[in-house]
Every structure is written in C-alpha cells, then in structure tokens.
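**Student:** Sequence first, predicted model second:
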Amino acid sequence: MQSLHDPDAKRALRRQLRRKRSALSRDEQRQAALDLCLNLKHLPEIQRARRISLYLPVNGEIDPTPLLSWFQKRNVAVYLPVLRPLSDNSLWFVAYHARTPMVKNRFGILEPDTRFAAQRRNRLPAWALDTLIVPLVGFDGHANRMGMGGGFYDRSLAFMRRGGPAPNLIGVAHACQQVEALPVEPWDVPLSAVVSDEAVVRASKKKS
Ligand SMILES: Nc1nc2c(c(=O)[nH]1)N(C=O)[C@@H](CNc1ccc(C(=O)N[C@@H](CCC(=O)O)C(=O)O)cc1)CN2
Ligand SMILES: Nc1ncnc2c1ncn2[C@@H]1O[C@H](COP(=O)(O)OP(=O)(O)OP(=O)(O)O)[C@@H](O)[C@H]1O
C-alpha cells in the first residue's frame, strides 16, 4: 500500500475528504453544526476557556459559529485566525466582535482586516489563548489531524513542542471526515481531542 506520508497520496486523501464534506446538504450542515456545538459545550476545555479562537467555515467545513452567542453570554473573548501579512505562513489571532472590520483573504475566507489586525491591542499570541477550536480536513481515532495543507496552525503552534504553558487544542469536523489512520508528521502539533457532530475522540495521554 502507498504510504500516506507520500505527498501525492496525502493530496488525494485531502481532495476526497473535502469533496465528501462539500456534498452535505444545507440541512445536514445546519444540523451538524448544532450537534457539534452541543458536544463542544460539554467539554471542560471549552467550559473553562475565557479566551478562545474559532474559525469562519468555508468549503463545507463544519460551522462552529452557533457557539458565538453562548460565548458572548459568558463573556468569553473570541479570536479568529488571520494570515500574517509578509510572513512565514503563520497566523495571528485577532479579536472578533461586532465592530471588527472584515475582509476576504486570498483563500476567500473572511477575516479581520489587516489594519485592525496589525494593532497589537486587537490580537493575542497563540500561547495566551486558553483554547483553540481548530479546523481540519481529516482525523483518525487517535485525534491525529490533517489540515488544508498550508501548515498554518502547525507553524503558529510550534512553540508547544518545546513545553511550557500551552493552550488546549480542540479539532472539529464532520463525523464523515474520520479515516482509519493518518500519518503523524514530525511538525504536527498534537490535539487534545477531535469533536464531531457525532462523537468526541480523545488523544491518548502522552507517555513521559
Ligand atoms: N475556515 C478556515 N479558516 C482558516 C483555515 C482553515 O483551515 N479553515 N486555516 C488553516 O490552516 C488557515 C488558512 N489555511 C488555508 C490553507 C489552504 C487553503 C486552500 O484552499 N488551498 C487551496 C490551494 C491554494 C490556493 O487556492 O491558492 C487548495 O487546497 O485547493 C485555504 C486555507 C487560516 N484560516
Ligand atoms: N513548524 C513548522 N515550521 C516550518 N514548516 C512547517 C511547520 N509546520 C508545518 N510546516 C510545513 O507546512 C507544510 C504543510 O504541512 P501539513 O501538510 O501538515 O499541513 P496541515 O497541517 O494539513 O495544514 P494547516 O495547519 O494549514 O491546516 C509542510 O510542507 C510542512 O513542511
């Protein structure tokens, strides 16, 4: 069998899983988003968080935004990933509220505009977040993650590989994005769990 470390095999799997989630109907998407958010609300990493990041969905990604009103009621500060201008393909995490000016980035994803994002007071470094809700294209039963292929989250979270204070990482996806097994790349930053509309998959505790 071809190894999934092989870039062509990885690309093919990514394409297949993206096609699968894009095929969901509007009603299926809406129901999945509600079920996902119910599952997320039970997670201690979500309940305890005062500063959290999520994402605005594109291309059939499961929608975490039904949580926004719940976060607002609980006074949780919400941040969005923004592609850092002129950089190394890493992310800023920028405040998302009613007055945040939004534009589409080069991938067609809405994000806070560069002038707003460039102001220090409007953003946080990833280590200062309590929890990140991380989008993904594929996951497996060990909570391994495959993303869009840009390495944006892995680069932005590389500091976590060195130990020290670190945010909780919760991957989210449609249940149909689960596969038997994914290869773990050396730069992959492990998630605590993946939550779907159907289940919570916990990563097994790391051996010390
Ligand atoms: N909703 C959402 N926002 C997010 C992410 C995400 O996965 N989902 N990201 C998570 O990292 C970052 C953006 N990463 C992305 C990486 C690749 C592509 C993408 O569509 N690539 C095209 C080819 C490139 C192109 O069009 O120029 C492709 O794969 O077909 C999109 C976003 C930040 N914001
Ligand atoms: N910490 C890092 N430093 C430098 N390059 C990195 C780092 N993390 C990932 N990369 C590079 O990013 C590229 C994409 O990685 P990968 O295929 O794992 O993306 P992904 O995790 O699926 O994408 P994303 O995180 O954007 O959703 C790889 O070529 C990898 O070399």
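**Tutor:** On my side now, so go ahead. Ligands and ions are numbered 1, 2, ... in the order given.
**Student:** separation between the residue positioned nearest the centre of the chain and residue 191?
**Tutor:** The centroid of the chain falls nearest to residue 134 when counting by C-alpha atoms, centre = their mean (1.3 Å). To residue 191, residue 134 is 7 Å away according to C-beta to C-beta, to the nearest Å. C-betas here are computed from N, CA, C, even on glycine.
**Student:** Name the residues contacting each of these two.
**Tutor:** Here residue 134 and residue 191 share the contacting residues 145, 169-171, scored by C-beta atoms under 8 Å, 6 or more residues apart in numbering.
**Student:** I figured residue 18 was touching residue 58, is that so?
**Tutor:** No - look at residue 18 against residue 58 with C-beta atoms under 8 Å: they stay out of range, at 10.3 Å.
**Student:** which residues in the chain form helices?
**Tutor:** Secondary structure of the chain (DSSP state H): helices at 7-22, 26-41, 44-47, 68-73, 114-118, 152-156.
**Student:** Can you get me a residue count around residue 85?
**Tutor:** Number of residues near residue 85 (other C-beta atoms under 10 Å) recorded here: 10.
**Student:** Which pLDDT value belongs to the residue lying closest to residue 29 once chain neighbours are set aside?
**Tutor:** Distance criterion C-beta to C-beta, 6 or more residues apart in numbering; nearest residue to residue 29, sequence neighbours excluded, is residue 63 at 6.7 Å. With respect to pLDDT, residue 63 has a value of 98.
**Student:** what does residue 204 give?
**Tutor:** Looking at residue 204, its pLDDT reads 85.
**Student:** in this protein, which ranges drop under the pLDDT threshold?
**Tutor:** For the chain, applying pLDDT under 70 flags the ranges 1-2, 206-208.
**Student:** Quick check: residues of it near ligand 1?
**Tutor:** Within the chain, the positions adjacent to ligand 1 are 55-58, 61, 81, 91, 107, 109, 135, 147-150, 152-153 by C-beta under 6 Å from any ligand atom.
**Student:** Of all pairs in these, which one is the farthest apart?
**Tutor:** Using C-beta to C-beta, those span at most 18.7 Å, a distance reached by 56 and 149.
**Student:** which of the two has more neighbours?
**Tutor:** Between residue 56 and residue 149, counted using other C-beta under 10 Å, residue 56 has the larger neighbour count: 16 against 11.
**Student:** pretty sure that one contacts residue 110?
**Tutor:** Yes - counting by C-beta under 8 Å, residue 110 is a contact partner of residue 56 at 5.1 Å.
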